[in-house]
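Chemist: Here is the input, now give the coordinates:
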Amino acid sequence: MVCENITDESADEACIQAGRELYKWAEQSTGQLRIRECVAEPYVVRGTFHILANDSPRPRVHWHPHFLQRLAKILEAAA
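Modeler: The predicted structure is shown next:
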């Protein structure tokens, strides 16, 4: 929901703020989520978001709304 109003033309500051809000939600508001029935430790759920962010070849979770576009430009320039 924090990224609903973000478009390709959104200012970088708006994207950074949306990313911070998303990260804050993941850190503070996911304690009730369970990845498995008997897994209740909040750090396991939070760590799962980081695992998804490190997924290869393309992260399934990222904190900046334009992260994938920026990454593509960097990789394109490096090639």
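
Chemist: looking at the chain, which helix or strand is least sure?
Modeler: helix 42-53 (a mean of 83; mean pLDDT, DSSP states H and E).

Chemist: So which bits of that helix are buried?
Modeler: 45-46, 48-49 (16 or more other CB atoms under 10 Å). (C-beta placed from N, C-alpha, C; glycine too.)

Chemist: ok and the very next helix or strand once past it relative to helix 42-53, angle-wise?
Modeler: Using DSSP states H and E, the helix or strand that follows helix 42-53 in sequence is helix 67-78. Orientation check (axes from the mean of the first three to the mean of the last three CA atoms, to 10 degrees): helix 67-78 against helix 42-53 gives 40 degrees.

Chemist: Give the buried residues for helix 67-78.
Modeler: Buried residues in helix 67-78, counting neighbours by 16+ other CB under 10 Å, are absent.

Chemist: centroid residue for the protein?
Modeler: Using CA atoms, centre = their mean, the residue of the chain that lies closest to the mean C-alpha position is residue 62, 2.7 Å off.
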